[in-house]
Every structure is written in structure tokens, then in C-alpha cells.
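A.B. asks: just to be clear, the model below is a prediction. Sequence and coordinates:
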Amino acid sequence: MRALARPRLAGLVLLAVAAWLLPYQLNVYWISVADTALLFALLAVGLGLVMGIAGQVNLAQIAFFGVGAYVTAILTTHDGFAFWTAGVLAVLATVVTGLVVGTPALRIQSHYLGIVTLGLAVAFVDWITNAPVTGGDSGISGIPAPPLPGIDLTSQYLYYYLELFVLAGGLAFGVFVVRTPLGRRMRAMRDDALAASAAGAEVGALRMIAFVLASVYGGAAGVLYAGLIHYVAPETFSIADMFLLLAMVIIGGRQSLAGCVTGAVGLTIAQQELVNLAAYAQLGYGLLVVLVVVFAPAGLVGIPGRLAGWRSRRRGHDGPGAALEEFQPLAPGAAEAPVCPEGVILEVSHLVKRFRGVTAVDDVSLRVRAGEILGVVGPNGSGKTTLFNVISGLYRPSGGQVRLDGRVVSGSRPYRISQLGVARTFQHLRLFGNLTVQENLQVALDRTRTWQSWRYVCWPVGVWRHDRELRRRAAELLTAFGLAQFGGVRPTALPYGIQRRLELARAMAAAPRLLLLDEPAAGLNGEEQRQLAAIVRSIRDSGVTVVLIEHNMGLVMSLCSRVVVLDSGTVIAAGVPAEVARDPAVLEAYLGKSAVPSPPPSPSPSSSPSSSPSEAPS
Amino acid sequence: MQSFFQTLVSGLSFGAVYALVALGFSLVYRTMGLVNFAHGAVLMIGAYVASTFTLSARLPFAVAGPAAMAVTGVVGLVIERVLRPLENKDFDLMLIGTIGAGTVLEAAAILIWTSAGRGVPSPVRTSPLVLGGVRIPPYDLLVIGITAVAMVALTLFLQRTKRGAAMQAVAMDHEAATAAGIHVGRSNAIAFAIGASLAALAGALAGPMLYVSPTIGDSLGIQGFASAILGGFGSIPGAIVGGLGIGVIGSFAAQSFQGYSDLVTFVVFTVLVMIRPTGIFGEKTVNRA
Amino acid sequence: MSRYRLGYPAAALAALICLAGAACSAPGSSSSSSAAGGGTPSGPIKIAVVDAQSGSSSDLGQFEYRGVRLAVGQANAAGGVDGRKIALSLLDDQGDPTVGTELARKIASQGAIAMLGTAESAVTLAMAPILASEHIPNITSGQSTKLLALNSPYLFLNGPTGLTYDSTLAKYLVQKKGYKKIALLTNNDSYGAGEHDAFLAALKSLGITPVADKVVPQDQTNMTPALNAIRGARPQVLFIGAEEAQSGLTVKQARALGLTAVVAEGAPAGTPLYLSTAGAADANGTIVSSPYLGNDVSAASRKFAAAYTAAYGSAPELHGAKAYDGAEVMIAALKACHACTGLALANAIRAVHYDGLLGSFRYNKQGVGIFATSIGIIRNGKIEPVS
């Protein structure tokens, strides 16, 4: 990674020089095209941040552009404000709009969010077409150029430099956000919001921040537009332009800010070249969007990487591939000493969880003592994972309580419970697929609260230092778990067993006091299970309490000090493993299975009378 | 009073068109979990094809309509096939893919038929029924009737036929469906094709009521979206109730708010979605776990 | 994140080229676009035609381009201006003011000395300040009074203003025909809003208050709710302020609702598109205020129609005629000042006296050349002038 830094820096310097000297080459027409391209690049970066980085479908970006432009126009022409004052107020107005548009994102996602944001954009165009203050369909003309001492910004050439300055600053800040903890959390949220919240990310706050960022960029672009064209009209902010902006971001590469800029500049130039063939241009970029989405989802900037990967795969590898290393046992007693009443760290009392008429958890009570390994077993569909989901905050209980250290936590948000020291793994792996292995750990290591993000604006040095600290600790953790050779790889490229190890490492990264493991041995072979058992014991020895859902009876018997048996959502037995294995109710539930160590059994459906799903619809 | 009923009648007629649009959306959403942003463009293609059959080929409306549905159904098949690699993998990317497909369709329509619009004569030329001063064009009654038939046919298809049951199985668990021998891709293709032909039917019916132009799909598409969500995305009765509801709301809003009517409809819709995202009848769709 | 490697050598090359071409002064100071060079004094005269060739107003744009081409073709066949041919370039503004502003810069950089178009006032408004700074005279088909508020010495209209259309119409309706109960239905785009304000002002000056005043969105195709409200007011006249297709639909839907009021409108009602959208039966009886009532109205219009039909295979209408007149004015000015450019050309246009299809052009300081329209009434698919 370091080896790339110097050529990249040189490349960036050359790019900067070329950008600086560009206006000298351009005639009156092409400089106006360049000015437009830079504006769309700024808009695209904003859209890339909210859509590509944070994963929020935002079809109202063009409305942010419009709010910035129109507020500037109205304040300067109607109310006689100075341009820069109007510009600042316009960006503030856009941020308010961004908060309004982002509010639905707290409750709804994906397509619903797309439709709502699209609807808000349509409503915005409707309003500016009708309201008298906006000049209706004829728009507002005569907007002054921004004043700058000694520089005449009515010149399109000099305006280019103003835009270049703003774009460079915006891009730098955007890249800074993306590569530091805030951006990483957003990317984690994009990849898997559930796992991110279980790892401590405040998903709601992150979504709002994403929309605020998008609105700042959109509003700034709008202000610059007003000062450049000196005229605003509704046609510029139509839905057709929103889809064009979306195409720019998708074709360029939405997860890369440089890709967004490339897409914006490229499509603006293409549009100008094809200005007399508008329908063909539209056909072209529509087709490109479809092709990119199906064949090259990372966009045009992702293609060199894919080609490189393809070439290296064809060439084959020389030398040994990366391998899993030995697990380094954790320091005993390394975790915080728990502060639990009577030594009970987790207490579940009469917990009930219903889904639309299906009762997945029915009056379950259990106590977990600090420092023990508790096993939760039962046939498929007995409510084990639902129990975990309620404990970790993914579901609100329909009845009953969950207490952590004596404090009621049922109904709290997942991030809150994570902050209180609970970590978990998932039955079906939930790793952050677009982050590297090391980044997966860095997300969980980050224990800061989202409100501390103010430092991005006021104290970026602190952010950078924090990021370096996280990187160092992640490297240590990687070594501890034997994953040091996989640090820079995407989890999806790893074998299943290693992915399982990673999820365990990620859970431990949060320095929990209570670890919930949901079928950690599923799909592992004998050797891997042995290693797993050693790791879990080491974790317990370091002071972490472990609760373990498992189907592998051998593992349960050897690891767990106590076992709870669930069937159809109720507890049918609890106690020491040997006792529970002889319990007639348990034997009945597991009819046909023996209690001796055996290879991972296939679930036996005939014995279980329950049909309730343990993973209910989310 | 008469004015009130007239507005209501007009709202119901357009509501029937929105309901048809919403039916197509809801079917695709219910069986594939996909919101098809190309639906409005497909409607527009259907309207153009039907009007071409009617005006140029001089086919009677009863033939032009089904012919347009067939042609547009093929368009739907093509879109599904192209986007198939994304199914059940990345819903957001597929959504964006449909936006791209919609753009392509709109551009293609402009290249084929130019951006000038065309008026389509009403196939039912009898004079309007007059009930207590309220004029009801018989064509509007025809549209409402056809919508009702479509809803019944779709419900029967989903509940009583093997293909329909297969589609619902795919929605519930596509891996289990594959294990049961159902070809998921083909099932999705049929769902998409039916959704597209419903859009085409809506477009063909809307032609005589409105004006066939490349933008006819935009407004009808958005109203159809809103109807489907209002009634409960994926729910068949929801599509009908939602469609009629949005039609009537829009009609009264146009009276009172005039130029701002779209804005009002949207604000109402956004508030409703925030309060109850799953709509009146609740959402019915794929399991995305 | 993006790990793309910058093509090291390629970037270096690019930078070298830039350095080699850079001047020491600020960029753009040696641009060649000042005062619209117009090519060498012996080459073709470049005139740009900017109109919507795509989007909802594209048919208007096409009619206009045909009218311009006809005029320029005839002039070139007769020897051009001082022996120089006129070269037209057509640019599509897509009905979007932002695209228009870029096109204004483009035609300046391409050396056009004059511009004909656009048909949308909003686009013309956006382009006007740039054309003025580039000293390019523009004869536009727009009719909004907001154009006049610009006070640009480079901007000229090829037809009457909206105010003229509407005040003539209002006078006819109120004074000649004695109608008292008049309803308005207009859309909210710049044309419709302009019509709304102009007609309302004209009625007010005649002492009439409308019995209903409804606004519909410009892309609305279902006018029934608004018409229903208007029907309740029982008007004698329904004034429509919308484009051709929407107007036609309005009439069709009004008649379906049983609204029997007389329909009155400005220029759009005088076009074939209005007739075809409304249907001959429903369009019957529409009162039209237009400077170009039809192709048979005079010998000049018949001659024009014959030439147009011979060239394009279909009959002309108002927009083509307006554009033809505008182009003729431009050609006359060029001939008078021997292909001058910039402010001199603008002054020459202002000095032109031309008897065209729309009437006698005599430009005033604000750039308006025609000050009257005629009233016609549609019967059996044709417009007949009222005496």
C-alpha cells in the first residue's frame, strides 16, 4: 500500500497543475462547459457521499441544488442581500432541507426512501414553478456575481478558479470523511446496517449526517450556479436532471468520490458534444447505467482494479497463499471487572416476542452469571436466535425484560447495548463486504459516539490521530486472532472458516463484557471446531462472559458450564450439561439424537412440533 | 353538490387508471421485491404502441389494446433478463438499473415517435350519461370495468394457478423454491412481463383520456407508485383502494390548490408513508433476510 | 477506495502541453470571441438558429426552423447579401434555459453574427444578457413582456407582445360582442402565466372582473376538475392561456363536461395542432387572436404557403410564418448595412421597415415591431377573419 503513495502523489500534483492551466486552453464556449462540469462534479460528490458511501437512496439531490440556487437568487434580487451573505444563508437553508428530506430515512430505506425523496424533489419543482416569489416558470434573472477583491468574477475564466477551489476543498474533505472512522461507520452501515448497529454505530444519526453532507455540497453547488449563470429557472432542477446526475455517479463509480467527479465531468462533456442529438445522448447514458449496474457495479473507476485482479488471477499465484495463523491467547482477566449484582451479568425475565401472530419466544427466563459459558440449545425454530436478537436490541420485546448488570436494557437501541458492553456474532455471517478485514475490525474498535463528529469540522487533527490509533489496535487484534496476513483483503474473498474467525475477532474488538455467539461452529470442520473451542475458552479466561447457541452437542458439552434448552419458544430444561442431557423432556424434543459427541447433526424436523421461525421477517 | 359529484366521478375514472398502474407495480414488488422505476416508461410505450395500432394500422381498440400489452410484455421480459444477475442480490443496484432502463425506453420512444404528442380518439363515441347533472363519459365506465376485471384475473392467477403459486413461493424463499424445482429466473420474467402488460393496458386506456406524449408515463407512474404504497405495496386490493384514493385526492386537490396540486398530493403522501410505511393493507413482499 | 493508478506518462504529457500553451496573463484575455468576428469579410455570413428540437416544444422549434430556412434559401438563391451566402447552424436548446446560456457562448465562439430564436421566452430571457455582452443581435419568437424589461438593444421580437394579443382579444369580446361573464383557465409556465396577467389586465382596463380564474400545471392533461369549477360559474366565454396541445385538450374536455361557453385564445388556437387535439367539432367557434390567421388571408401568405409546401410537403402555420418574417427582417438589415455586425447590425434591424406576413414591421426602442393582431373565428376547421 505504501509503495503506491509516491506515484499517486505525483499523479495528483500533475492533475492539479493540469487543472490550473486548463482555462488557458479553452475558448469562451468550452470554459463555460468546464464551469458547468465542475458544478456537477461538486453535486456528484455530495450524492456519492450519501448514496455510495452511506448507502442512502437520495433522489432529492437536485432539489438541494435548487434550494441553494433559488435562495441565493431570491435573497440577492428581492431582498438586496450581498452575495456571500446570501450564499451562506442559502447553504444553511439547504441543510435544513437536507434534515427534512433525511427524516424519512430514519424509518424507511431503499425503494421507499427513493420514492419519498423523488416525491419531495417533484414537490420542490412544483413549488418553484408556482410560487410568485420564485418568479414562476420564468425564473429569476439579474443575480449578481460574487464580489472578490481584485478579481472580476463575471469572467467565466476566473470563476473557474473559484469553482476549482471549492471543488478541491470539498473533495478533500469528502475523502477525509470517507477514510476516517465516520466514513468507515457509514460504509459499514451501508454494507450491513444491522451488524453495524450491533457494533456500536448509531445508524439514525449517521443517516442524518449523510443527508446533511449531501445538502451542504448541493447547496454550495447551487450558490455557485447562481453566481455563474446569473439566472435560475425550474427546468434546470427537474427530475430529468436528477436522473442525469444519478447516471453520472453510477457510471463514474458511486463508492469512489474520484469516480463521481469523473462521471460528472465525462457526462457533461458528452452531453455538450451531443447537444443536437439529445435523444441519442439520453439513450446512451441510460444504456450505460444499465450496463454498469449489471457488469461493473463499481463504475468506470473500478474497471482498472477489476482488470488488474482478472489479470493476476489468470497469471496465477507463485508462492504460498495467505494462511491463518495461530490464535494468541488473550491475557487472562484482561476485560473489565464486571459490576453485576449477585454476580449475574444478564437476566432475562419472562421474555415474550411475538411476530404477527407467531410467538417466537414465550415466557423465557434465564440468568447468566459473570464469567461462565452458557449454552443455549434447542431444535430449529425454538426461538434461540430471536432471543439473541431481543437481548442485543435488534427487536423490542412484546413482554418481559432484559437486564444487564441490573439495568433494564430491553427496548434499547442496538448501539446503546453495544456501548454497554455486549457484542455478538450472527448465525448467517454479517461481515461488511465492501470493507477490508482490517476495516471491519476498525469499525468495531471505534467506541466513540456520533456526536463527537463535530471534530471533523473543528479539530480534524484529533480525528486523524484517533484513526491512526484504531489502525494500530486493529493490527494488534489481527495478529492476536491469526488474521494478520488477510488485513487488506475483502471478507468475501476469504474461506468460510476464516470469515467466521473474523466475525469473532470483530465481536471481541468491541471489548465486550458479554459475548453472544450464534452458532459459531456451523460449517466448521473438526480442526476448526477445536480451534474455536480454544478461542472461546481463552475469551472466557480473559474475563468475558459467553453465551453460545450451538447445535453441535460435543462442543456444547465440552465448553459450557451450564446449558439452557429451548423448544417452541419456552425453556424446557436448564442446568449442568450432563443433567440436561438426561432430562426426559430434552430427550423427547431431540428424539432420535444421542448426546455423545458427533459430527454436526442435520436438524431433525420430525421431532419438533413447532413451526414458528426463529428468524422472523425483519 | 353536483360539482362535488362531478369531481368525484372524474377522480374515480383516473383513479381506475392509477389502480391499474399500481397493480403492475405491486405484482412485481410482491414477487421480486423490486420497485420498478421503469414502470412509467413502460406505460408510455404501451400508450404509444396502442395509439399507433389504432391510428396508423386502424385496428379496433379491442385489438390494439391486447396487441400493445403483448408487445410491451416482451419489453418487460427483456428488462428482466438484462437485470437478472442482480436479482435477490443487490436491491438498490437493481432499482438504479430500472431507472436506467426507463431512461432508455423514453429515449427510444422519442427516436421512434418523435417528442410531439398525439391525441387518441375515444373508442366509445356515445354521448355521456347524465345523472342528476353529473356527466359520466361511458369510456370512463369502461376503464373502471376493465380495471375490475384485471384485478380479479390477477388474484385468481396468483391464488389458483400453479404459476401464480410458484411466483409467491419464489417471493417467500427463492432458494427453497429452486430446491422445489421452480425456475426462479423464469418465474420472475413472467411476473415482470405481466406487470409490464398491466402498465401497457393502463397506458392504452389512458391514451383517449389524456394525450399520448413521452411524458405521459412520468406523472401516471408517480401517481401509480403513490397509489401502490398508500394501499400497501404488494397488496392487490391495496392497489385498487390506493389508486382510487389517490385519484380522488388528486381531483379535489386540483380544484382547490390548482397549480400546486402535485405538491399537495405529495406532501399528503409523504406524511402517510412516514406514519404507516406499509400502507392500508400492509406490505407483502419477498423475504430479504 | 479508488486505487486507480494515474497514467504517469499521460499526465506528464498533458501537463507539458498545457504549459506549452499557457500565456503569462490571465486566461481568456486573448479569446477570439470579441464582437463576434463573423468570419472574414468574404466568407459566408453565419447566423445561428436556436430552438427546441427535443422536448415538449420541439414541434414549434421545427416549424420555426423551416420558416427560417425558407427565407434564407430564397435569399441565397437571389445572390445572398453582397454576394455572400448566409450559413445557418441549428442548435437544440432542449427548452432548458441553462442549455440556452451555454449555447449563447457556443454560437459566440463559433463566430455567429446574429441569432434567430428561441420560441420560449424563458430560454430567451436567460440567453439575452450573454448575447448582449457578446454583441449578437437576436430576433426571437417569444412574446413575454418580461423580455422588454431587459431593455437590451440587441433583442427584437418577430411578433406582437402577449399584451397586444390579449388586449385586442379582450376589446373584441367585451366591446364588440358585449360578453360580460368571462372565465380564465391558464397554465403555470411562463407563457401561461404571462397570458394570465396580460388578459386579466386587459379585462380590468375594460371594467370586467372574471367570474372564474383557474390555473393548471403545465404538464396537466386532465383539466376536468378546473373546468368543473368553471362550469359552476356559468361563463359566456372561456379564455385559455396554454400551449396548443393543452388548449385543445381543455376544449375537448370542456365540451365533454357540457360547458358551452365560447372559447377564446391567443396564438396557439390558430395552429393545426390545436385543431387536431381538440377535434374539428369541439374547436368550432373558437375565437382566435393572431397576427397570422391563415395561409389564404392575403396574396403574400398564399405565396409563402405555396413555397413552404413545395419545400416541406406540408402547409405552414403561425410559427413558421413568424420565423419567416423574422428571418426576412434580419436579411433586410444585413443588406442595408452591408453585412455589418454587433451594435451596427442591431441598429440596422431597428431601422428596417418591412411588410411581412404578420403585418408591417416598425421597430421601437424596446425591440417590438408589430403592434396589432387580427381576430378570427374557427369554422369547419379553418379560421375565418371577422370583419
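C.D. replies: Received, thanks.
A.B. asks: does chain A have contacts with stretch B:276-285?
C.D. replies: Yes. Stretch B:276-285 comes into contact with chain A (CB under 8 Å from any CB of the partner chain), by way of B:Pro277. C-beta coordinates here come from the backbone N, C-alpha and C atoms, glycine included.
A.B. asks: what do you get for stretch C:217-236?
C.D. replies: Yes. Stretch C:217-236 lies within reach of chain A by CB under 8 Å from any CB, at C:Pro217, C:Gln218.
A.B. asks: list the buried ones in that stretch?
C.D. replies: Residues C:217-231, C:235-236 are the ones in stretch C:217-236 that count as buried (16 or more other CB atoms under 10 Å in any protein chain shown).
A.B. asks: likewise for stretch B:107-119?
C.D. replies: For stretch B:107-119, burial by neighbour count (16+ other CB under 10 Å) applies to B:Ala107, B:Ala108, B:Ala109, B:Ile110, B:Trp113, B:Ser115, B:Ala116, B:Gly117, B:Arg118, B:Gly119.
A.B. asks: want to throw those into CSV with pLDDT, distance to A:Val546 and secondary structure?
C.D. replies: Output for the buried residues of stretch B:107-119, formatted as CSV (pLDDT from 0 to 100; distance: CB to CB, whole Å; DSSP: H, G, I helix; E, B strand; the rest coil):
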residue, pLDDT, distance to A:Val546, secondary structure
B:Ala107, 93, 59, helix
B:Ala108, 94, 60, helix
B:Ala109, 93, 62, helix
B:Ile110, 90, 64, helix
B:Trp113, 90, 67, helix
B:Ser115, 79, 67, coil
B:Ala116, 79, 72, coil
B:Gly117, 82, 69, coil
B:Arg118, 84, 72, strand
B:Gly119, 81, 73, coil
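A.B. asks: of the residues you listed, list those near chain C.
C.D. replies: Counting by CB under 8 Å from any CB, the members of the buried residues of stretch B:107-119 near chain C are B:Ile110, B:Ser115, B:Ala116, B:Gly117, B:Gly119.
A.B. asks: residues contacting C:Ala336?
C.D. replies: The contact partners of C:Ala336, taken as CB atoms under 8 Å, 6 or more residues apart in numbering or on different chains, are C:Ala348, C:Ala351, C:Val352.
A.B. asks: what sits closest to A:Ala589 if chain neighbours are left out?
C.D. replies: Distances taken as CB to CB, 6 or more residues apart in numbering or on different chains place A:Asp567 nearest to A:Ala589, at 4.5 Å, with adjacent residues excluded.
A.B. asks: okay, now that neighbour: neighbour count?
C.D. replies: With neighbours defined by other CB atoms under 10 Å in any protein chain shown, the count for A:Asp567 comes to 23.
A.B. asks: surely A:Glu202 and A:Ser453 touch.
C.D. replies: No. Using CB atoms under 8 Å, A:Glu202 and A:Ser453 do not qualify as a contacting pair, with a distance of 10.2 Å.
A.B. asks: compare the two (neighbour count), which wins?
C.D. replies: For A:Glu202 versus A:Ser453, neighbours defined as other CB under 10 Å are more numerous around A:Glu202 (22 against 18).
A.B. asks: where do the domain boundaries of the chain fall?
C.D. replies: Going with chain A. Annotated domains of chain A cover A:33-238, A:323-421+A:511-618 [automatic domain parsing].
A.B. asks: that was the other one, I meant chain C.
C.D. replies: C:45-160+C:299-371, C:163-290.
A.B. asks: what helix or strand is A:Ala195 on?
C.D. replies: Secondary structure from DSSP states H and E places A:Ala195 in helix A:193-198.
A.B. asks: name the helices or strands packed onto that helix?
C.D. replies: Identification of packing neighbours for helix A:193-198 by 3 or more CB pairs under 8 Å, 6 or more residues apart in numbering or on different chains; DSSP states H and E yields helix A:181-191, helix A:203-229, helix A:414-419.
A.B. asks: report the buried residues of the shortest one.
C.D. replies: So the one you mean is helix A:414-419. Neighbour count says helix A:414-419 has A:Pro414, A:Tyr415, A:Ile417, A:Ser418 buried, by 16+ other CB under 10 Å.
A.B. asks: show me what from the stretch 151-300 of chain C comes close to chain A.
C.D. replies: Applying CB under 8 Å from any CB, we find that the stretch 151-300 of chain C lies next to chain A at C:Asn188, C:Asp189, C:Ser190, C:Gly192, C:Ala193, C:Gly194, C:Val215, C:Pro217, C:Gln218.
A.B. asks: what's the most distant pair in the residues you listed?
C.D. replies: Comparing every pair within these by CB to CB identifies C:Gly194 and C:Pro217 as the most remote, at 16.0 Å.
A.B. asks: from chain C, how far off is A:His111?
C.D. replies: When CB to the nearest CB, to the nearest Å is applied, the distance between A:His111 and chain C equals 24 Å.
A.B. asks: what secondary structure does the closest residue to that residue other than its chain neighbours sit in?
C.D. replies: The shortest distance from A:His111 to any residue other than its chain neighbours is 3.6 Å, reached at B:Val35 (CB to CB, 6+ apart). Using DSSP: H, G, I helix; E, B strand; the rest coil as the criterion, the local structure at B:Val35 reads coil.
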